[in-house]
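Asker: okay, sequence plus prediction incoming.
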Amino acid sequence: MTVHTVPTQPIEGQKPGTSGLRKKTPVFMQPHYLENFVQAIWNGTGGAEGKTYVLGGDGRYFGDRAAQVILRMAAASGAKKVIVGQNALLSTPAASNLIRKRRADGGIIMSASHNPGGPTEDFGVKYNTGNGGPAPESVTEKIFEATKTLTEYRIVDAQDVDLSTPGTRTLGGMQVEVVDPVADYAELMRAIFDFDKIRALLAGGFRIRFDAMHAVTGPYAKAILEGELGAPAGSVVNAEPSPDFGGGHPDPNPIWAKDLMAAMFGPDAPDFGAASDGDGDRNMIVGRNCYVTPSDSLAVLAANATLIPAYAGGLKGVARSMPTSRALDRVAEALGIACYETPTGWKFFGNLLDAGRATLCGEESAGTGSDHVREKDGLWAVLFWLNLLAERRQSVAEVMADHWATYGRNYYSRHDYEAVDAAAAAELMQALREGLAELSGRTVAGLRVEVADEFAYDDPVDGSRTEAQGLRIMTEGGGRIVLRLSGTGTEGATLRVYLERVETDPARMQDEPQQALAAIIAAADEIAGIRTRTGRTQPDVVT
Ligand code: VG1
Ligand code: CO
């Protein structure tokens, strides 16, 4: 088999963001674009020679062809073996599990996660390290550096490898092992949860609806929820992964999972609803007439962890990303365990999980996970909820009411302004940054600001410091406004405004979040000048 060494030049802008490199699909399909980045992954991580990798993706447009390119490049650079999900499919948590279980050196996940897919939408490539987690900043920096000095890449001349059936094939001197994407993941879930209890709950007439949003969790949810746990056929909807996610936006939130919301708030609603994103690492939880905000979901999982077999011995600690609400902190305090605050992005949880400092982690963006893998895990969160509901024998709304009665309620919302002019967004952030020091002590829209700062993270495990991770404004009485720019978008800038307020009055636990947060929302606009600087009168997405 011939190895071609193809001359190339650095391509600008191949800098991984919050979660891998994401670009419009046509950008990824440009000559050398994917090849350059993959070669930079090898070059930035000590070469592919003798290594074993895991490879899979969320089934989006171009993923099948990208997989073949990556396989040919791995073979050309002397990799020993690549373990690939059948039809190049693997959810992100399943890939993380396989990397760990098979002791692979790393993995490549082809996904732009919750971003839409298709010929004119988004594509992405993410590199995970041997612990199964997203490469930390130190590694993504090396990969980015490598993209800037590339002069050539290596690729073999070969036909496509057959990925349509499980089995082991060869590509030059490299083994390609095609595996069932679901089997190992299902085995892991069986080891964590009480499947018998969940089976009994479902057999007792508890009705669920899981919306896979035409993305990768379809086959996983079908096999586990319907196949193993006995949910009636049809409980999992939109279960067939499609290259453009059925023309939808595979982001599990009340806006994009509209059908699920309608079903859960409509007549004859099921008892439990859930959805996942493109690559299966996010989850949305919704009860009958009861949407659970992701930050609250994380807090509920922590508070109920000992009901789950795998966590019956208690949690070592918990962690949340900085913009995530502090509902989790209140649970951690009650449990007497540490609660870490990290920058946005799952890569920052890796060290805490590896060091055994945290068992559960989560983000306000519908990501929750534990030390069972090194990624957030959508279906895991769904099974966690089902297991805890089976134990508590309560509705989702009752669990939430109990939770707030015990810990108080952190009213929370995120307002996203999408595809904002990049320069205007940068100016907004810069102006706010410069004014932070003067904000303390001032009263804005009737709220007194206590402290305002820019978040930086000192990793307690490896001592690394990550700066400029979001602007925070704390107001009196436990209010908080956080602003940051997204690192996963592919068009202009996305401004994220995170709004939070603590309520401890037992009579005020069932308010409408936007109303409960009205004063905070007004203060955020006044402080940051969102309307005037972006020209937008309202957010595109409210979660
Ligand atoms: C967003 C979320 C963040 C999440 C990231 C990847 O990042 O805010 O919490 O970790 O997406 O999620 P950003 O930089 O756009 O705010 V996913 O499901 O893409 O893997
Ligand atoms: Co995702």
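Answerer: Done, it's in. Ligands and ions are numbered 1, 2, ... in the order given.
Asker: can you tell me the closest non-neighbouring residue to residue 190?
Answerer: residue 228 (7.7 Å; Cβ to Cβ, 6 or more residues apart in numbering). Every residue, glycine included, has its C-beta placed from N, CA and C.
Asker: what is the burial count for the one you found?
Answerer: Per other Cβ atoms under 10 Å, the neighbour tally for residue 228 reads 14.
Asker: same deal with residue 49?
Answerer: Applying other Cβ under 10 Å, I find that residue 49 has 10 neighbouring residues.
Asker: any idea how far ligand 2 is from residue 238?
Answerer: According to Cβ to the ion, to the nearest Å, residue 238 stands 16 Å off from ligand 2.
Asker: I'd say that residue and residue 221 touch.
Answerer: No - Residue 238 sits out of contact with residue 221 when judged by Cβ atoms under 8 Å, with a separation of 9.9 Å.
Asker: returning to what we had before: wait, doesn't the residue nearest to residue 190 sit right on residue 193?
Answerer: No - using Cβ under 8 Å, residue 228 is not in contact with residue 193, being 10.6 Å away.
Asker: around ligand 1, pick out the residues from this protein.
Answerer: The chain has residues 18-19, 113-114, 277, 281-282, 321, 344-346, 363, 365, 367, 486-488, 496 near ligand 1, with proximity defined as Cβ under 6 Å from any ligand atom.
Asker: which residue ranges form the helices in the stretch 301-450 of the chain?
Answerer: All helices of the stretch 301-450 of the chain, identified by DSSP state H, counting those that start in this stretch, fall at 327-335, 350-354, 378-392, 396-407, 422-439.
Asker: low-confidence ranges, the stretch 51-200 of the chain, go.
Answerer: Within the stretch 51-200 of the chain, no range satisfies pLDDT under 70.
Asker: and it, which residues reach ligand 2?
Answerer: Residues of the stretch 51-200 of the chain lying close to ligand 2 (Cβ under 5 Å from the ion) are residue 113.
Asker: any idea which element residue 495 lies in?
Answerer: strand 493-503 (DSSP states H and E).
Asker: got the contact list for the residue in the chain that ligand 2 sits nearest to?
Answerer: Across the chain, no residue is closer to ligand 2 than residue 113, which sits at 3.2 Å (Cβ to the ion). Residue 113 makes contacts with 19, 22, 58, 92, 124, 277, 278, 279, 281, 282, 488, as judged by Cβ atoms under 8 Å, 6 or more residues apart in numbering.
Asker: what's the pLDDT at residue 261?
Answerer: On the pLDDT scale, residue 261 is placed at 97.
Asker: what does residue 255 give?
Answerer: So residue 255 comes in at 89 (pLDDT).
Asker: I'd assumed residue 543 was in contact with it.
Answerer: Yes - at 7.5 Å, residue 255 and residue 543 qualify as touching, with contact defined as Cβ under 8 Å.
Asker: more neighbours: these two, which one.
Answerer: residue 543 (25 against 14).
Asker: in contact with the more buried one, which residues?
Answerer: 253, 254, 255, 293, 294, 364, 365, 366, 413, 414, 416.
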